[in-house]
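A.B. asks: coordinates only, sequence not included:
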């Protein structure tokens, strides 16, 4: 399957799906080892430290402080890493509704972390952008 670049096709076929659980963002000092007791969904190294995105219960189990309790929505279209405007259209739609997002583009899909208390609303808005379109 080849990655899609056409914006209208991406929007029509995005098929957003919410993953179970609450995810949180945390950080460790740059020279720290990730505790073996957790399995972060995402890690990203910055000069200031290593960002960890993990399930809230994992962070709580090791006493790790965290921010941004969120739900994860995956856009189930194989989007090209070179696609233009896809995340911009989504971010604009959610911003118009006052919903923040933290987006991650992986090899196959784009993933959106949205505030846990607005996740159902975000999913409904994305579903409204998706599906059959004319013109």
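C.D. replies: Received the coordinates, thanks. None of the values given here were measured: they were computed from a predicted structure. Numbering: from 1, shown residues only.
A.B. asks: could you use CA atoms for every contact and neighbour count after this?
C.D. replies: OK.
A.B. asks: now do the SS call for the most centrally placed residue in the chain.
C.D. replies: Nearest to the mean C-alpha position of the chain, by CA atoms, centre = their mean, lies residue 112 at 2.2 Å. Put simply, residue 112 is strand when judged by DSSP: H, G, I helix; E, B strand; the rest coil.
A.B. asks: that one against residue 74, yeah?
C.D. replies: Yes. In this structure, residue 112 is within contact of residue 74 by CA atoms under 8 Å, at 6.3 Å.
A.B. asks: could you look up the next helix or strand downstream of the worst-scoring helix or strand of the chain on mean pLDDT?
C.D. replies: In the chain, the helix or strand scored least confidently by mean pLDDT, DSSP states H and E is helix 7-13, which has a mean of 92. Downstream of helix 7-13, the next assigned helix or strand under DSSP states H and E is strand 16-18.
A.B. asks: in that following strand, which residues are buried?
C.D. replies: Judged by neighbour count using 16 or more other CA atoms under 10 Å, the buried positions of strand 16-18 are 16, 18.
A.B. asks: which elements pack onto that strand?
C.D. replies: strand 67-75, helix 119-129 (3 or more CA pairs under 8 Å, 6 or more residues apart in numbering; DSSP states H and E).
A.B. asks: okay then, goodbye and thanks.
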